[in-house]
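Asks: sequence plus predicted model, see below.
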Amino acid sequence: MRWWNETVAIFDDVIPFGLAAPLALLLAAIVAVLWFTYPGWLPKRWRMRRKKRAGEPGLTIAKADDRPDLDEDEAAADELPALPAEVYLSQADRFAAEGRWAEAVRERLRAMVRELVDRGVVEHVPGWTVTELARAAGGARPELGPALQSATGIFSGIWYAERPATAGDDELMRGHLATVHELVRGGR
């Protein structure tokens with residue numbers, strides 16, 4: 001412990017305690033901000049790439065362009081799935097029958113996204129979040145806004161806020177999907 005006492009004494013001789021305490025607090029604040037915003041402040045080439053695991057949330061509504069910085073797996077994740085909306089609805093019904101409400105909600109939202117893209121309501125943009133998609137669709141067709149905002153709220157609450165999904169959530173998503181379906185098909 002003698003080395004510690006000597007080190008502290010030397011440090012105190014150089015920087016008085018009245019200055020050292022605010023500097024320590026400032027250093028702690030800087031570290032906290034960097035920790036909170038990690039990895040946003042790192043250059044992209046230094047970031048670790050993590051492969052998406054099965055069962056993770058996400059709506060891949062983006063089309064891969066020929067960017068050389070993407071490997072094949074990342075480019076495939078950016079492509080719009082070639083499945084029609086009916087397939088997503090079938091999967092959603094299967095998940096709902098099994099009591100897997102979170103997955104059912106996700107598949108119903110994917111069906112909405114697929115229909116909006118297929119009907120030309122929104123453009124196919126890489127990296128969009130569901131909130132950005134709802135905002136864009138609501139801007140293009142204002143009558144879709146309330147249903148899409150509510151649907152994305154349900155999805156985000158379940159998948160990002162980790163709220164347990166219920167049968168009521170799936171029922172609400174069915175209603176929002178029916179509303180979107182009616183407005184998109186009936187409005188053209």
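Replies: Happy to help now that I have it. All of these numbers come straight from a predicted model, not from anything done at the bench. Numbering: from 1, shown residues only.

Asks: gap between residue 121 and residue 3?
Replies: 69 Å (Cβ to Cβ, to the nearest Å). From N, CA and C alone the C-beta is placed, and that goes for glycine too.

Asks: higher neighbour count, the two?
Replies: Legend: neighbour count by other Cβ atoms under 10 Å for residue 121 and residue 3, higher for residue 121 (21 against 7).

Asks: the more buried one reaches residue 141, doesn't it?
Replies: Yes: in this structure, residue 121 is within contact of residue 141 by Cβ atoms under 8 Å, at 5.7 Å.

Asks: residues shared between the contacts of those two?
Replies: Both residue 121 and residue 141 are contacted by residue 184, under the criterion Cβ atoms under 8 Å, 6 or more residues apart in numbering.

Asks: where does the chain dip in pLDDT?
Replies: Filtered on pLDDT under 70, the chain yields the residue ranges 47-82, 187-188.

Asks: that one: helices as residue ranges?
Replies: Using DSSP state H, the helices of the chain run over 2-14, 17-37, 72-78, 85-97, 101-118, 130-140, 145-159, 167-186.

Asks: deepest of those helices, which one?
Replies: Looking across these with neighbours counted as mean count of other Cβ atoms under 10 Å, the highest average goes to helix 101-118: a mean of 24.

Asks: mind checking how far it is from the chain centre?
Replies: Mean-position distance between helix 101-118 and its chain equals 15 Å (Cα atoms, centre = their mean, to the nearest Å).

Asks: could you do stretch 21-37 as well?
Replies: 28 Å.

Asks: and for stretch 173-186?
Replies: Worked out by Cα atoms, centre = their mean, stretch 173-186 lies 23 Å from the chain centre.

Asks: next: stretch 9-17.
Replies: Centroid separation for stretch 9-17 versus its chain: 48 Å, with Cα atoms, centre = their mean.
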